[in-house]
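Enquirer: Take a look and give me a structure for this.
(2 chains)
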Amino acid sequence: MTALALPWDAAFAMAEPAPDSDEGLMERFQRGERAAFDALFRRHAAALTSYLTRITGSAAAAEDAVQLTFLSVVRSRDQFRSGSKVKPWLYAIASNAARDRHRRTRREQPTADDPVDAGLDAVHGDAGLRRRLLDALQKLPEAQREAVVLHRLEGWSFAEIAEAVGANETAVKVRAFRGTQVLRELLKDVWEFES
Amino acid sequence: MSAPHPFGSSPPSLPPDLEARLSASLAAELEAPKKPWWRDAVLFVLSSVALFTCGCFVFNSQLPPSTVSSGVWMQSLSLLVVALIAGVAALAPWPQHTSRPWILGGLVAGSVLVTQVLSMEFGAFTFHLGCFGWELVCSAIPAALAILAARQHAPRLSRAMVLGWAAGTTSLAVMQLKCPHRDPGHLLLFHVTPLVLVVAATMLARRRVSTVSYAP
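Expert: As a prediction, the model looks like this:
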């Protein structure tokens, strides 16, 4: 017998996340599907490492923080709310981990051998320029650094950043604007910002 | 104008050695038995209720019958207030309430101070250092459990503050049962000051202890 398709079925079906979307994978992981976590890890680990390298200014610190991030995902999987987006949650965890790690350990002064972009392939520009930019980013207050990195370098919208950092959109815009102004001043001889 | 992008624009990839190291540590975590994140919060609330109930049994006989805290109704009401404050504090780190710990903290702190002011009887200042020490001793277990509960979430001073207030409030309520003095100077110096110290100690300890999860 064919099931009767009711008009609201479509609406409910749309509310269900696609199984391969981040949210779908998270739901499957919450139900105990280990493969779903592996898929989430493979999808986000590299980008998170890149983000954390920019936030912490050190590849070693970024590796620690990315490990803490995924450990937190495993431990707090039941706290993830159905209907929320995974990516801002993941980056919020990463930012918290980086902030805490930074507070607990003295900032590691990167040496010439510190592979700041370890694993980031096809990087443009020379290593000296990248080092200068990372150093300049470290001079920004944490909140401004997060806003600048997520907006300018990761390409997030202000609304997405606001969701991830738990602030309102206007505050995030102000942070990004002020951070960009400081960066522009610090790097005026090497990096031409778009206005 | 398009700016040169010194950080690179192509999708990053994870170094194979890092992936292997992360996979090993995550595999161990995935195999470990799952602990409910709210367990420590519930323990904290239960410890507060248990401490106050024990205080009622131990100190009840020591109070003169005329004292405001000696009546059964007043003690039942106090127990309810203690449970409510501990429950509210335990809710502060709840995922749905991440942006409201300051509001919750204000409510808890306000209610404590209002009860103190209402119970004041103006008169001569009573110096009794024992109240100070007892209150700190009574706060030890709830404060320790409060820190354990706070470890389950990303470190936030506001959360630690709310939990510290709740832990201190329980011992404050117990001391209300033990101490017959109600003059403002005594209450502020020997009852409210230890409460503030417990809050500060909880916030400081939270910064020191490790974090179980950095989830917001």
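Enquirer: going forward, measure contacts between C-alpha atoms and count neighbours the same way
Expert: Fine.
Enquirer: tell me the secondary structure for residue B:180?
Expert: coil (DSSP: H, G, I helix; E, B strand; the rest coil).
Enquirer: quick one, helices of chain B?
Expert: Along chain B, counting by DSSP state H, helices occupy B:16-31, B:39-59, B:72-91, B:101-118, B:129-150, B:157-178, B:184-186, B:193-208.
Enquirer: Tell me which other helices or strands the third one touches.
Expert: Taking 3 or more C-alpha pairs under 8 Å, 6 or more residues apart in numbering or on different chains; DSSP states H and E as contact, the helices and strands that helix B:72-91 lies on are helix B:39-59, helix B:101-118, helix B:157-178.
Enquirer: helices and strands around the longest one, which ones?
Expert: The one in question is helix B:157-178. Helix B:157-178 packs on helix B:39-59, helix B:72-91, helix B:101-118, helix B:129-150, helix B:193-208, going by 3+ C-alpha pairs under 8 Å, 6+ apart.
Enquirer: Please parse chain A into its domains.
Expert: As assigned by automatic domain parsing, chain A contains the domains A:18-105, A:127-195.
Enquirer: least reliable of the helices of chain B going by mean pLDDT?
Expert: For these, mean pLDDT drops lowest on helix B:101-118, to a mean of 68.
Enquirer: my read: residue A:182 touches residue A:140, true?
Expert: Yes: here residue A:182 reaches residue A:140: they are 7.5 Å apart, a contact under C-alpha atoms under 8 Å.
Enquirer: thinking again about what came up before, could you work out which of the helices and strands packed on helix B:157-178 reaches nearest to residue A:49?
Expert: Comparing the helices and strands packed on helix B:157-178 against residue A:49 with C-alpha to C-alpha, the closest turns out to be helix B:193-208 (24.9 Å).
Enquirer: Run the chain-centre distance for that closest one.
Expert: 9 Å (C-alpha atoms, centre = their mean, to the nearest Å).
Enquirer: Next, the angle from it to helix B:157-178.
Expert: With axes from the mean of the first three to the mean of the last three C-alpha atoms, to 10 degrees as the basis, helix B:193-208 and helix B:157-178 are set at 150 degrees to each other.
Enquirer: Mind giving me the packing neighbours of helix B:193-208?
Expert: helix B:129-150, helix B:157-178.
Enquirer: what packs against the first one?
Expert: With contacts defined as 3+ C-alpha pairs under 8 Å, 6+ apart, the packing partners of helix B:129-150 are helix B:39-59, helix B:157-178, helix B:193-208.
Enquirer: The residue nearest the centre of chain B: what's its closest spatial neighbour, skipping adjacent residues?
Expert: Chain B has residue B:163 as the residue nearest its centroid, 1.9 Å off, counting by C-alpha atoms, centre = their mean. Distance criterion C-alpha to C-alpha, 6 or more residues apart in numbering or on different chains; nearest residue to residue B:163, sequence neighbours excluded, is residue B:89 at 5.2 Å.
Enquirer: Give the buried residues for stretch A:95-107.
Expert: A:95-101 (16 or more other C-alpha atoms under 10 Å in any protein chain shown).
Enquirer: most packed of the helices of chain B?
Expert: helix B:157-178 (a mean of 28; mean count of other C-alpha atoms under 10 Å in any protein chain shown).
Enquirer: Which one, of the helices and strands packed on helix B:129-150, ends up nearest to residue B:184?
Expert: Of all the helices and strands packed on helix B:129-150, helix B:193-208 comes closest under C-alpha to C-alpha, at 12.2 Å.
Enquirer: contacts for the closest one?
Expert: B:132, B:135-136, B:139, B:143-144, B:146-147, B:150-151, B:155, B:157, B:160-165, B:167-169, B:172 (C-alpha atoms under 8 Å, 6 or more residues apart in numbering or on different chains).
Enquirer: ok, now with 6 Å
Expert: Residues outside helix B:193-208 that contact it (C-alpha atoms under 6 Å, 6 or more residues apart in numbering or on different chains) are B:160-161, B:164-165, B:168.
Enquirer: show me the contacts for residue B:216.
Expert: Residue B:216 touches residue B:154, counting by C-alpha under 6 Å, 6+ apart.
Enquirer: repeat for residue A:150
Expert: Per C-alpha under 6 Å, 6+ apart, neighbours of residue A:150: residue A:156.
Enquirer: what about stretch B:179-186, start to end distance?
Expert: 10 Å (C-alpha to C-alpha, to the nearest Å).
Enquirer: and what of stretch B:206-216?
Expert: Start-to-end, stretch B:206-216 (C-alpha to C-alpha) is 15 Å.
Enquirer: related to what we said a few turns ago, how about the helices and strands packed on helix B:157-178 in CSV, adding distance to residue B:27?
Expert: Formatted as CSV, these follow (distance: least, C-alpha to C-alpha, whole Å):
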stretch, distance to residue B:27
helix B:39-59, 24
helix B:72-91, 31
helix B:101-118, 34
helix B:129-150, 25
helix B:193-208, 27
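Enquirer: do stretch A:169-181 and chain B meet?
Expert: No: for stretch A:169-181, no contact with chain B is found by C-alpha under 6 Å from any C-alpha of the partner chain; the gap never falls below 13.2 Å.
Enquirer: Give me the residues contacting that stretch.
Expert: A:144, A:147-148, A:158-159, A:162.
Enquirer: Export it to CSV, keeping only CA atoms.
Expert: Taking C-alpha atoms only, stretch A:169-181 is exported to CSV below (Å, rounded to 0.1, in the frame of the first residue of the first chain):
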residue,chain,number,x,y,z
GLU,A,169,27.0,41.3,14.3
THR,A,170,27.7,45.0,14.9
ALA,A,171,30.3,44.2,17.5
VAL,A,172,32.0,41.8,15.1
LYS,A,173,32.0,44.4,12.3
VAL,A,174,33.7,46.9,14.6
ARG,A,175,36.3,44.4,15.7
ALA,A,176,37.1,43.4,12.1
PHE,A,177,37.3,47.1,11.1
ARG,A,178,39.6,48.1,13.9
GLY,A,179,41.7,45.0,13.5
THR,A,180,42.1,45.7,9.8
GLN,A,181,43.1,49.3,10.5
